[in-house]
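[1] Quick one, fold the following:
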Amino acid sequence: MKTFFYRIGYGMVFVIFNIRVVVDLLPNVIGYLMILSALSELRKKEHSFTLGMWASLALSVISIPSFFQAHELHLNQPVLSLNFLLVLNLAETLLQWVLIYSICDGSFKLAGIRGKGDLASSIRFRWRFYFGCSALYMIAYPFVLNTQEVAVVLFSSVATFIAMFMIMLVIRRAGRELSVPFERSV
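    Now for the predicted structure:
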């Protein structure tokens, strides 16, 4: 089980960090496929991982076009209509919510079964922090597109990045702590 949680963690590295030269050196599609393979095995232990498996599959398909596309963020140019990339970005964000929720919920339930209350509360806190930061971003983004004020989007983007990194670390911790066999009380 430790291997599967670590695979999710390594997959999240591909998703969190975008290093671009001409193309993305850490393509999201590889990260989502790594997460998909881990979740397909973890769902045998906890059913909550199934929803994340399907979200990861959808995200791997959605993220293929972004592998070849240059990333540019034009916050100061007015947007008159929803374009394809904006809708794709919205869909990707919503599917990421489902994916991260599924990973956190399944890990939370496994920690609860194993009696790891500290781990379970850490997972719950990090999910809530991630959701709050990314929800702030999603709420602020449409309003910022047509104004000069970008502080809220920048703040929420950095906070979401930190929250994703925190989730990656707690998932690796879950892999370490949940791989230990049950301790039997005498």
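[2] what about the helices in this structure?
    For the chain, applying DSSP state H gives helices covering 2-16, 28-42, 49-62, 64-68, 84-113, 117-144, 151-178.
[3] buried sites along the fifth one?
    Of all the residues in helix 84-113, those buried under the rule 16 or more other CB atoms under 10 Å are 92, 95-111. For the C-beta atoms, the positions are set from N, CA and C on the backbone; glycine is no exception.
[4] what's the distance between it and the middle of its chain?
    6 Å (CA atoms, centre = their mean, to the nearest Å).
[5] Show me what it is packed up against.
    helix 2-16, helix 28-42, helix 49-62, helix 117-144, helix 151-178 (3 or more CB pairs under 8 Å, 6 or more residues apart in numbering; DSSP states H and E).
[6] switch the cut-off to 10 Å
    For helix 84-113, the elements it packs on are helix 2-16, helix 28-42, helix 49-62, helix 64-68, helix 117-144, helix 151-178, judged by 3 or more CB pairs under 10 Å, 6 or more residues apart in numbering; DSSP states H and E.
[7] average pLDDT across the first one?
    Yep, that's helix 2-16 we're talking about. Average pLDDT, helix 2-16: 92.
[8] ranking the helices and strands packed on helix 84-113 by mean pLDDT, which is last?
    Minimum mean pLDDT among the helices and strands packed on helix 84-113: helix 64-68, a mean of 73.
[9] And stretch 15-23, how far out from the chain middle?
    Counting by CA atoms, centre = their mean, stretch 15-23 comes out at 16 Å from the chain centroid.
[10] Restricting to C-alpha, output that stretch in PDB.
    In PDB, the C-alpha atoms belonging to stretch 15-23 read as follows (Å, rounded to 0.1, in the frame of the first residue of the first chain):
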ATOM      1  CA  VAL A  15       0.800  18.000 -11.700                       C
ATOM      2  CA  ILE A  16       2.000  20.700  -9.300                       C
ATOM      3  CA  PHE A  17       5.200  21.700 -11.000                       C
ATOM      4  CA  ASN A  18       5.100  23.100 -14.500                       C
ATOM      5  CA  ILE A  19       8.600  23.400 -15.900                       C
ATOM      6  CA  ARG A  20       8.400  24.600 -19.600                       C
ATOM      7  CA  VAL A  21      11.100  25.000 -22.100                       C
ATOM      8  CA  VAL A  22       9.400  24.400 -25.400                       C
ATOM      9  CA  VAL A  23       7.100  21.700 -24.000                       C
END
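[11] Can you mark which positions in it are buried?
    V15, I16.
[12] just to revisit the earlier point, need the helices and strands packed on helix 84-113 in a markdown table with distance to L88, can you?
    A markdown table is the format used below for the helices and strands packed on helix 84-113 (distance: least, CB to CB, whole Å):
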| stretch | distance to L88 |
| --- | --- |
| helix 2-16 | 15 |
| helix 28-42 | 12 |
| helix 49-62 | 6 |
| helix 64-68 | 7 |
| helix 117-144 | 14 |
| helix 151-178 | 18 |
